[in-house]
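A.B. asks: below are the sequence and a predicted model; questions follow.
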Amino acid sequence: MTKPLVTILDDEPEIRNMLSEALEEAGYRTASFARATEFEASLKTSSPEVCLVDLGLPDKDGLALVHRLALESGASIIIISGRAQVQDKITGLELGADDYIIKPFDPSEVVARVRARMRSVKPVGRTSDTAIFSGWTANFETYLLIDDEGAEVPFSHAEGEVLRLFLNNPKRLISRVQMQESLGGAAGESFDRAMDVRISRLRTKLREDPKNPQLIKTIYGAGYIFLGDVVWS
């Protein structure tokens, strides 16, 4: 069985080496890059499960790269940055990152966060990657929503995690605490804000009326409930 691939994008060689060593000892394959252009070129021939991305890159804007990865890649994205401002963290999560780690850090923490992201990619016992509901087909291999006329709407890995959680638990209330436990990440305002953004984007992609959504309902003070009938195939 091929070991999961984790890519590391950071312009500091000490950090790249430290992370590579820790992750490889934990059973992962790694590929390290100092520049965004090299990293992006590698994505044409490889499909990492997790991307560790520093925001302070020498050749491209880190946040713009994170946003593009979230839209175009099936990988889970973890930002590693020296930017400790709460707003930087919120912005990173809103743009599609799955987690945010502040430098300096302990390598074991990064390994734990990577493991958490790997566990959330596919629930235990779920072998299918396609779900059908309310005139839509969600394909979690290609990260596409397909309507009943064949039109395709892409979704990000971060949005897919939330959608899969709903599709695995139709017509059941999912609290914020349950979302945090299932999806990982630190509880708090930034997590809640990131979930609100992802759910809003999912509603838009599912062509929901924002004032009266029919599939993803907000139960104020309690959480969310997905009202569609779901068939995994």
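C.D. replies: Nice, thanks for sending it over.
A.B. asks: buried stuff in the helix or strand containing residue 18?
C.D. replies: Here residue 18, judged by DSSP states H and E, is contained in helix 13-25. Residues of helix 13-25 classed as buried: 15, 16, 18, 19, 20, 22, 23 (neighbour count, 16 or more other Cβ atoms under 10 Å). Using the backbone N, CA and C atoms, a C-beta is placed for each residue, glycine as well.
A.B. asks: TSV for those, including distance to residue 94 and pLDDT?
C.D. replies: Formatted as TSV, those follow (distance: Cβ to Cβ, whole Å; pLDDT from 0 to 100):
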residue	distance to residue 94	pLDDT
15	25	96
16	27	96
18	28	97
19	25	97
20	29	97
22	28	97
23	27	97
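A.B. asks: quick check: mean pLDDT of stretch 156-170?
C.D. replies: The average pLDDT within stretch 156-170 is 88.
A.B. asks: also stretch 192-201?
C.D. replies: 82.
A.B. asks: now do it: distance to the chain's middle.
C.D. replies: With Cα atoms, centre = their mean, to the nearest Å as the basis, stretch 192-201 stands 12 Å off its chain's centre.
A.B. asks: list the contacts of it.
C.D. replies: Residues outside stretch 192-201 that contact it (Cβ atoms under 8 Å, 6 or more residues apart in numbering): 90, 93-94, 155-156, 158-159, 162, 176, 179, 185, 210, 216, 224.
A.B. asks: just the buried subset of the residues you listed, written out for PyMOL, thanks.
C.D. replies: To isolate the buried ones among the contacts of stretch 192-201 in PyMOL, judged by 16+ other Cβ under 10 Å, type:
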select buried, resi 90+93+94+155+156+158+159+162+179+185+216+224
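A.B. asks: the contacts of stretch 192-201: which two are farthest apart?
C.D. replies: 185 and 210 (24.8 Å; Cβ to Cβ).
A.B. asks: just the element for residue 231, please.
C.D. replies: Assigned by DSSP H and E, residue 231 belongs to strand 230-232.
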